[in-house]
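**Q** Here is my input; please provide its structure:
(one chain, ligands or ions: 1)
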Amino acid sequence: MGFLSRHMWSFLDARFHTQPFRKFVDQQMHKRMPPHTGWVHVFGSLSLMLFLNQVITGILLLLYYRPTAEEAFKSIQYLHSEVSFGWLFRQLHAWGATLMILTVIVHMARTFFMGAYKKPRELTWVVGVAIFVLTIIFGFSGYLLPWNQLSFWATTVGTEIAGAVPGIGPVLRKLLLGGTDVGPETLSRFFTLHAVVLPWVMFALVVVHLFFMRVQNLATMDPVGEERPYPPESGIPFWPVHLAKEGCVALATLGLLVTLSVLAPWEIGEPADPLTTPAGIKPEWYFLPSYQLLKYFTGPRGRIFSIFLVTVPFLLLFLWPFLDRSKARHPRQRPIAVTVGVLAIVLALVLGTLAHVAESRYTIFGLTIEFDVMGKPKLVEPDADSAHSSRDLRQSGMDTPHAADPVGIGDSTDAEDVALEGWALLSEGRPANHQTPAVATASLSPRAMDSKK
Ligand code: HEM
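**A** As a prediction, the model looks like this:
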């Protein structure tokens, strides 16, 4: 190996002036990181590894995926059943998206609690928040691409929420949809965004982020302006020590990714049908806290207030390094920032859990509990239970129990009424009736009718 690389470099040296480049790479590889650098510092590179996984599996998916309303769903079916390892690319891409968002959140939390966003790393943080927002938009835009019932209706709700943003909402919604409803134009736009625009913007932001991080090195735990220089021998060498840790975690995560892909594959579902509103539709897990929060405020004013509530955390995230001007970095010396961070995480977990269990029934120790649209539990009488058994454990809207019922309200039960109520609350901000607004919208829409043909 050493022999090969020596020959390769002497070959290149004879033709190009490679010395400065080699010196730069050498400096980067042998850089000493602060002495406290350890396992909690691996999540940045893990995010990078998962982003690369998305790019590679995304390119493989592009070989077969067709971004039109007629062919999108069929091309995914074909990929699953006919293409060698096609199912694996798709599963690695779908699970990779979930793991990437989770990893980016953990990395963000690590830098937050260790005060790494403080001077002089404010811009590293701001670029990081932009990356976080982009990661979520990646998830949202990719969700529509299989063109199944779940993705179609989740996008309908998601874009309705975007349309409710005061001021720019209606324009934003029209821009996203390419019309008034989710249709073939929406699929083209989401595809272009997901497979062309976002990857390049993300790539540019990640390069800037890594450049800032490398130039400034990782933060120590010393207060701002009182950083003590550490002797080089007490620093952690990037190569081989830290890189080995990053490699171990990357390999373990790849193992987890393959295991999840094999043992818990993502469903293809039913093809998108603009005329059939399935029950129990919910967005992906990372939207659940905002989704639940939106349910608590109804009416025009409530809707504006709820949109304000879900937007403010993102603004706060961007501005945080400029709002928290204290010098301390150690979490023990930052009780307010740490309390804000912990409360935000607990609130997101509680809201996310409520949204997850809402409109579902679970049987625990022989007791059947039904959760209404707000996530409020209700004990179900044992004999009323048998009729519902097929819908037990309806999770995250993954199943489509209304598929056989075009209007989705034919013989609606209490649980279904509650689910429909959620739709009405979200889509219209008004009390529910038995005609779901989504159905009403679809049946009025010529574009939706076109895509049905
Ligand atoms: C694709 C997404 C991202 C990649 C590839 C990435 C990559 C990295 C890497 C490799 C590091 C150095 C090691 C480490 O701390 O883990 C780092 C540091 C940092 N990242 Fe990220 N990052 C991403 C997203 C984010 C996000 C979402 C934020 C915050 C909102 C963020 C804020 C920071 C900060 C403040 C540092 C400096 C840490 C320190 O000095 O200790 N990053 N990033």
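**Q** hey, let's count contacts and neighbours off CA atoms from now on
**A** Fine.
**Q** Would you map the strands across the protein?
**A** Counting by DSSP state E, the chain has these strands, from start to end: 32-33, 236-237, 361-364, 367-371, 377-379.
**Q** Let me know which of those is the nearest to the ligand.
**A** strand 32-33 (9.6 Å; Cα to the nearest ligand atom).
**Q** what mean pLDDT would you report for the closest one?
**A** The average pLDDT within strand 32-33 is 96.
**Q** can you tell me if it touches the ligand.
**A** No: Strand 32-33 stays clear of the ligand (Cα under 6 Å from any ligand atom), getting no nearer than 9.6 Å.
**Q** Which neighbours in the sheet does that strand have, and how are they oriented?
**A** The sheet places strand 32-33 alongside strand 236-237 (antiparallel), with pairing taken from DSSP bridges.
**Q** for Pro146, phi and psi?
**A** Main-chain torsions, Pro146, degrees, to the nearest 10: phi -70, psi -10.
**Q** Can you give me the neighbour number for it?
**A** 27 (other Cα atoms under 10 Å).
**Q** I figured it was touching Glu70, is that so?
**A** No: in this structure Pro146 lies outside contact range of Glu70 using Cα atoms under 8 Å: 11.1 Å.
**Q** Name the residues contacting each of these two.
**A** Residues touching both Pro146 and Glu70 (Cα atoms under 8 Å, 6 or more residues apart in numbering): there are none.
**Q** Check the spacing between Pro335 and the ligand real quick.
**A** 19 Å (Cα to the nearest ligand atom, to the nearest Å).
**Q** contacting residues for that residue?
**A** Pro335 neighbours (Cα under 8 Å, 6+ apart): none.
**Q** Can you give me the distance of it to Ser326?
**A** Pro335 sits 11 Å away from Ser326 when distances are taken as Cα to Cα, to the nearest Å.
**Q** Same question for Ser306.
**A** 31 Å.
**Q** Could you do Phe190 as well?
**A** Relative to Ser326, Phe190 is positioned 42 Å away (Cα to Cα).
**Q** How about Thr103?
**A** For Thr103, the distance to Ser326 (Cα to Cα) stands at 27 Å.
**Q** Which residue of those two possesses the greater neighbour count?
**A** Here Thr103 and Ser326 are compared on neighbour count by other Cα under 10 Å; more neighbours surround Thr103, at 20 against 16.
**Q** Look at Cys16 and say how many residues are nearby.
**A** For the record, residue 16 is Phe, not Cys. 10.
**Q** What of Val165?
**A** Using other Cα under 10 Å, Val165 is surrounded by 20 other residues.
**Q** Check Leu177 too.
**A** 22.
**Q** got the residues of the protein near the ligand?
**A** 41-45, 47-48, 104, 108, 111, 116-117, 124-125, 128-129, 131-132, 206, 210, 213, 218-219.
**Q** try 5 Å this time
**A** 41-45, 47-48, 108, 116-117, 125, 128-129, 132, 218-219 (Cα under 5 Å from any ligand atom).
**Q** Can I have the buried ones of the residues you listed as a ChimeraX selection?
**A** Typed into ChimeraX, the next command selects the buried ones out of the residues of the chain next to the ligand (criterion: 16 or more other Cα atoms under 10 Å):
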select :41,42,43,44,45,47,48,108,116,117,125,128,129,132,218,219
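**Q** Please identify which pair of the residues of the chain next to the ligand lies farthest apart.
**A** Taking Cα to Cα as the measure, the residues of the chain next to the ligand reach their widest spread between Phe132 and Ala219, a distance of 20.4 Å.
**Q** tell me the contacts of the residue of the stretch 251-400 of the chain found nearest the ligand?
**A** Residue nearest to the ligand within the stretch 251-400 of the chain: Leu317 (7.3 Å; Cα to the nearest ligand atom). Contacts for Leu317 (Cα under 8 Å, 6+ apart) come out as Val129.
**Q** which of the residues in the top helix by length along the chain are buried?
**A** Looking across the chain with DSSP state H, the single longest helix is helix 86-113. For helix 86-113, a neighbour-count test (16+ other Cα under 10 Å) marks 86-101, 103-104, 106-108, 110-113 as buried.
**Q** Just name whatever secondary elements it is in contact with.
**A** helix 43-62, helix 72-81, helix 122-144, helix 243-263, helix 335-357 (3 or more Cα pairs under 8 Å, 6 or more residues apart in numbering; DSSP states H and E).
**Q** ok, and what's touching stretch 126-135?
**A** Residues contacting stretch 126-135 (Cα under 8 Å, 6+ apart): 101, 104-105, 108, 198, 202, 205-206, 208-209, 317-319.
**Q** what's the closest of the residues you listed to the ligand?
**A** Closest to the ligand, out of all of those and judged by Cα to the nearest ligand atom, is Met108, at 4.3 Å.
**Q** Skipping adjacent residues, who's closest to the closest one in space?
**A** Gly128 (7.8 Å; Cα to Cα, 6 or more residues apart in numbering).
**Q** and the gap between that neighbour and Ala355?
**A** Distance of Gly128 to Ala355, given as Cα to Cα: 27 Å.
**Q** Show me the shaky parts of the stretch 251-400 of the chain.
**A** Residues of the stretch 251-400 of the chain meeting the criterion pLDDT under 70: 382-400.
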